[in-house]
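Asker: A structural model of the following input is requested.
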Amino acid sequence: MFTFSLTLVRHGETQYNREKLLQGQGVDTVLSETGLQQGEAAGQYLRDITFNNVFVSNLQRAIQTAEIIRRNNTHCSGTEMVLEPLLRERGFGVAEGRPKEDLKNMANAAGQSCRDFTPPGGETLDQVRLRFKKFLKVLFKQMLDEHGWSRPDPSTGAVDSAKGTAAVASDVALGGSAEDGLQGVAVHVLAVSHGAYINVAVRHLIEDLKCSVPAGVKTSQLCAPCPNTGIGRFILTLSQSESGPVLSAARCVFTNRKDHLEILKAAE
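Answerer: Got it, this is the predicted structure:
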């Protein structure tokens with residue numbers, strides 16, 4: 001058995017975000033001034049967590065955000081940052097660079113919800129989900145190649161493998177410490193990605209992989225759109241099989257956390 005934490009962070013704001021324009025994969029913009037400040041705030045919030053591995057979408061807005069977080073971190077400023085195309089934003093085809101309202105109008109004309117609609121040349125939700133599943137496979141293999149197998153100590157409350165839940169009492173969804181869920185877990189992974197992609201990833205973990213969720217928090221809350229530099233965390237436990245490492249337990253600690261952005265509001 002091997003247990004590690006996965007902290008998902010959406011990139012900071014870009015000018016396209018501010019103007020409600022779709023970026024997807026074809027529009028590779030950089031962070032706005034606000035986005036840079038959000039990245040600094042996220043970096044300060046996560047500064048004391050020792051990230052053993054850092055995976056980043058290879059689009060500029062994600063790379064900038066990850067660089068800021070890593071620079072602020074007291075333990076892993078020198079940790080290698082792996083650029084991972086599997087973490088790229090959902091492709092929106094002909095809708096990229098256009099107002100989000102255009103996407104809504106296209107979806108309405110097709111008689112579909114905006115979330116489920118795929119513009120010509122874009123990625124379906126299933127295709128994005130497949131990319132995330134491939135990322136998990138890459139991640140699981142790298143975790144074991146680099147860190148080897150280790151059996152969690154039940155006394156730490158890290159994982160109750162029989163139920164696939166953690167026994168710690170710090171289930172916090174929307175507010176709390178940056179170290180929530182990390183008790184008894186020795187290996188930590190940071191992944192910086194994008195809003196639509198993270199939404200698909202969270203839904204896959206919660207709805208498809210049936211990971212446990214914080215008590216009293218609705219799935220709709222956990223799967224709500226992620227704000228710029230919103231933070232989510234999952235505790236994942238792997239076991240060995242003939243075909244390689246497989247997920248044996250998973251727990252959602254929180255999603256869409258934005259406590260770190262309060263300092264920016266106070267400064268306005």
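
Asker: which ones are touching residue 88?
Answerer: The contact partners of residue 88, by Cβ atoms under 8 Å, 6 or more residues apart in numbering, come to 25, 57, 58, 59, 131, 193, 194, 197. (Each C-beta comes from the backbone N, C-alpha and C, glycine too.)

Asker: Would you mind measuring from it to residue 252?
Answerer: Applying Cβ to Cβ, to the nearest Å, the value for residue 88 to residue 252 is 23 Å.

Asker: can you check residue 33 too?
Answerer: For residue 33 relative to residue 252 (Cβ to Cβ), the value is 32 Å.

Asker: the more surrounded of those two?
Answerer: Remark: of residue 33 and residue 252, residue 252 carries more neighbours, 24 against 10, as counted by other Cβ atoms under 10 Å.

Asker: So that one, which state does it fall into?
Answerer: Assigned with DSSP: H, G, I helix; E, B strand; the rest coil, residue 252 falls in the strand class.

Asker: What segments of the chain are helices?
Answerer: Taking DSSP state H as the test, the helices found in the chain are 15-18, 33-45, 60-72, 100-109, 125-147, 195-203, 219-222, 262-267.

Asker: And those: which comes nearest residue 3?
Answerer: Nearest to residue 3, of all the helices of the chain, is helix 125-147, at 9.8 Å by Cβ to Cβ.

Asker: Counting neighbours, which bits of stretch 260-268 end up buried?
Answerer: 260, 261 (16 or more other Cβ atoms under 10 Å).

Asker: Pairing partners for residue 252 in the sheet, please.
Answerer: residue 234 (DSSP bridges).

Asker: what's the distance between it and residue 216?
Answerer: Between residue 252 and residue 216 the distance is 13 Å, computed by Cβ to Cβ.

Asker: Likewise for residue 116?
Answerer: 28 Å.

Asker: Ok, residue 149 next?
Answerer: Distance from residue 149 to residue 216, by Cβ to Cβ: 34 Å.
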